[in-house]
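Peer 1: pasting a predicted model and its sequence here:
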Amino acid sequence: MFNDKQAQVLAYELDNNRIKSRTKGNVNLSYLEGFDIIEAANKIFGFGNWTYAISALELVSQESNQNQNSVICYKAIVNIVVHDLQHSKHISREDVGFGTGIAKSLADAHESAGKEAVTDALKRAFRSFGNQFGNSLYDKSRVHQNQQPTQLQQQTQQPSIPQRSNNIPQDYASLYNLGLSVVNQGEYLIVIGDDLFGKKDSIKSFGFRWDSKSKQWYKSIEQQSA
């Protein structure tokens, strides 16, 4: 189902820089944000190679608190489908999520609760794919410690290029369909995968340049946003 590169990335340890935390009651919770999960899916599986559908969205409760705010709770069931690069095989996952919305306006409370429930269900469905989707966060015996560089960075590191930000806004669907990935390496974007030089025409069409010293295709974040 997954190619060697996808399987390798899925098996990497979760980068602690992606982990967020919040307090609920007296308990500290670690989690990944919804946009981060979607970004990881795009990078690993490729744009257009996965999708999701809301199977159910149900109102669980509606009440008011002591501040006369509306308190709404929703339950959502979300199904995700991930295809291989040829779209000849697919795998699906489904899970349930809950969301609570608190607002003066009843409409705003419904909106917040519904969105949170769908996002929660989406994250829970994706976690069956392992570390990169936060499954390790459910292991209470596991301590996440910052490790620099991360395993993904070690795999793609270019010593001659400095590190800085992290943002990959462009659609590289055609590269993903070739079995390639685009990852952030500091202030540069790096193409990783098999037969990089043999696929040079497709890579060059996105403005990447070949660095003979590091044997990598790269381009700067500034170049992309220009």
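Peer 2: Good, I have the coordinates.

Peer 1: quick one: low-confidence parts of this structure?
Peer 2: 25, 140-171, 177, 186, 222-226 (pLDDT under 70).

Peer 1: okay, domains of it per the record?
Peer 2: Listed by automatic domain parsing, the domain ranges of the chain are 4-138, 151-225.

Peer 1: need these in a markdown table (columns: mean neighbour count).
Peer 2: Any C-beta I mention is one placed from the backbone N, CA and C, and that applies to glycine too. Shown next, in a markdown table, are these (neighbours: other Cβ atoms under 10 Å):
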| stretch | mean neighbour count |
| --- | --- |
| domain 4-138 | 16 |
| domain 151-225 | 16 |
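
Peer 1: in this protein, which residue is closest to the centre?
Peer 2: Geometric centre of the chain, nearest residue: Ala40, 2.4 Å, by Cα atoms, centre = their mean.

Peer 1: and the residue of the chain positioned farthest from its centre, its phi and psi?
Peer 2: Most distant from the centre of the chain: Gln66, at 37.5 Å, with distances by Cα atoms, centre = their mean. Per-residue torsions, Gln66: phi -70, psi -20 (degrees, to the nearest 10).

Peer 1: wait, Lys89 touches His83, no?
Peer 2: Yes - counting by Cβ atoms under 8 Å, His83 is a contact partner of Lys89 at 7.0 Å.

Peer 1: quick one, strands of the chain?
Peer 2: Chain-ordered strands for the chain, with DSSP state E as the definition, fall at 20-24, 27-31, 50-64, 70-83, 90-103, 181-185, 188-192, 209-211, 216-220.
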